[in-house]
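*Asks:* Could you work out the structure for the sequence below:
(one chain, ligands or ions: 2)
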Amino acid sequence: MERHAEKGPESDLLEARNITKYFGAITALDRVNFHLRRGEVLGVVGDNGAGKSTLMKILSGLYAPSEGEIIFDGKPVRFSSPRDAHKAGIEMVYQDLALAGNMTIYENIYLGREPGSRMLGLSIVDQKLSRTKAQEHLDRLKINVKSVDQNAEELSGGQQQAVAIARATAFDARVVIMDEPTAALAIKEVGKVLDLIKGLKDHGVGIILISHRMDDVFYVCDRVMALFHGRNFADAPLRNTNRNEVIGWIMGTKGHDQAVAHDQVR
Ligand SMILES: Nc1ncnc2c1ncn2[C@@H]1O[C@H](COP(=O)(O)OP(=O)(O)OP(=O)(O)O)[C@@H](O)[C@H]1O
Ligand SMILES: [Mg+2]
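*Replies:* Ligands and ions are numbered 1, 2, ... in the order given. You can find the predicted model right below:
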């Protein structure tokens, strides 16, 4: 009953039904269902090759699904590029960041999307406005950098991740997908990125966090879903599960099988 009340009248912000993805002879995803609510932080877990990144690349417009449909804000959508998804407010932060090291922080945030005007088909970049807006946005997210004129390559891993998140949220994102955002970070930087995620959640942004780190999942997520061999395997609010159970899901074990499996993990 409690669970029902909590679900409330709100529909899902993003939903995917029966998503199948073939890469040649490989079935990377097999009739996967997915949903995300407003302001929800969803952890997505699964072993290497389970299909996590593929599913997220479909939701963010990089890949088209072979079968299945995506519903955003109650309407069926078909994204044919990340630009389409971006227009709808869905952003993905890739694991390899894709910041341009030899460009400044503000250029990275607005890369190719700078505020400015268009004249005779050419866009006129307003550098001053870009810098001010970038600084304001970083301030809003409580991201500290010396100056927005600093080159991205001078930043620590955590700062780079923060700038990548700033880039993803610079244009009223409604869904932010993060693929292993803390995998390459030192411990003290991990906390900052996770707190950034909490801040976005407080602004009503729906967040999908792919992570192999149980500490991250249990610190920041509201719900966790597991994929196994390209299929839905488990899905539960965080308070109804625990680390050992989730580790079991990653290995494809549930219930009775788990006692055995846990002897094999720390
Ligand atoms: N572009 C591609 N071309 C061919 N096969 C692919 C492609 N992308 C993914 N695959 C295959 O699809 C399956 C799912 O891969 P995916 O990258 O989604 O896994 P993952 O869950 O993100 O794994 P990891 O935890 O290692 O990042 C794998 O078998 C992978 O080899
Ligand atoms: Mg992946």
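*Asks:* any idea how far ligand 1 is from residue 217?
*Replies:* Residue 217 sits 14 Å away from ligand 1, going by Cβ to the nearest ligand atom, to the nearest Å. Quick note: C-beta positions are derived from backbone N, CA and C, even for glycine.
*Asks:* same check, this time on residue 150
*Replies:* 30 Å.
*Asks:* and the gap between the nearest residue to that residue once chain neighbours are set aside and ligand 1?
*Replies:* Nearest in space to residue 150, with sequence neighbours left out and distances taken as Cβ to Cβ, 6 or more residues apart in numbering, is residue 105 at 5.6 Å. Residue 105 is 28 Å from ligand 1, where distance means Cβ to the nearest ligand atom.
*Asks:* Kindly report the same for residue 163.
*Replies:* From residue 163 to ligand 1 the distance is 22 Å (Cβ to the nearest ligand atom).
*Asks:* where's that residue, which helix or strand?
*Replies:* Take DSSP states H and E as the rule and residue 163 turns out to sit in helix 157-168.
*Asks:* From the rest of the structure, what touches that helix?
*Replies:* When contacts are defined by Cβ atoms under 8 Å, 6 or more residues apart in numbering, helix 157-168 is touched by residues 91-94, 97-99, 105, 108-109, 111, 134, 137-138, 141, 143, 145, 152, 155, 176, 178, 181-182, 184-186, 188-190, 192-193, 196, 200.
*Asks:* rerun at 7 Å
*Replies:* Identification of contacts with helix 157-168 by Cβ atoms under 7 Å, 6 or more residues apart in numbering yields 91, 93, 97, 99, 105, 108-109, 137-138, 141, 143, 145, 152, 155, 176, 181, 184-186, 189, 192-193, 196.
*Asks:* Quick check, the residue nearest to residue 150 in contact with residue 146.
*Replies:* No. Contact criterion Cβ atoms under 7 Å: residue 105 and residue 146 do not qualify, at 9.3 Å.
*Asks:* Generate a PyMOL selection restricted to the buried entries among the contacts of helix 157-168.
*Replies:* With 16 or more other Cβ atoms under 10 Å as the criterion, this PyMOL line picks the buried residues out of those:
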select buried, resi 91+93+97+99+105+108+109+137+138+141+143+145+152+155+176+181+185+189+192+193+196
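*Asks:* Let's see which of the contacts of helix 157-168 end up in strands.
*Replies:* 91, 93, 176 (DSSP state E).
*Asks:* mind putting these in TSV, pLDDT and distance to ligand 1 included?
*Replies:* What follows is the ones in strands among the contacts of helix 157-168, written out as TSV (pLDDT from 0 to 100; distance: Cβ to the nearest ligand atom, whole Å):
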residue	pLDDT	distance to ligand 1
91	91	18
93	87	14
176	93	17
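*Asks:* Distance to residue 21 for the residues you listed - can I get that in CSV?
*Replies:* Shown next, in CSV, are the ones in strands among the contacts of helix 157-168 (distance: Cβ to Cβ, whole Å):
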residue, distance to residue 21
91, 21
93, 21
176, 22
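*Asks:* burial measure for residue 175, as a count.
*Replies:* Using other Cβ atoms under 10 Å, residue 175 is surrounded by 25 other residues.
*Asks:* State the helix or strand in which residue 199 lies.
*Replies:* helix 187-202.
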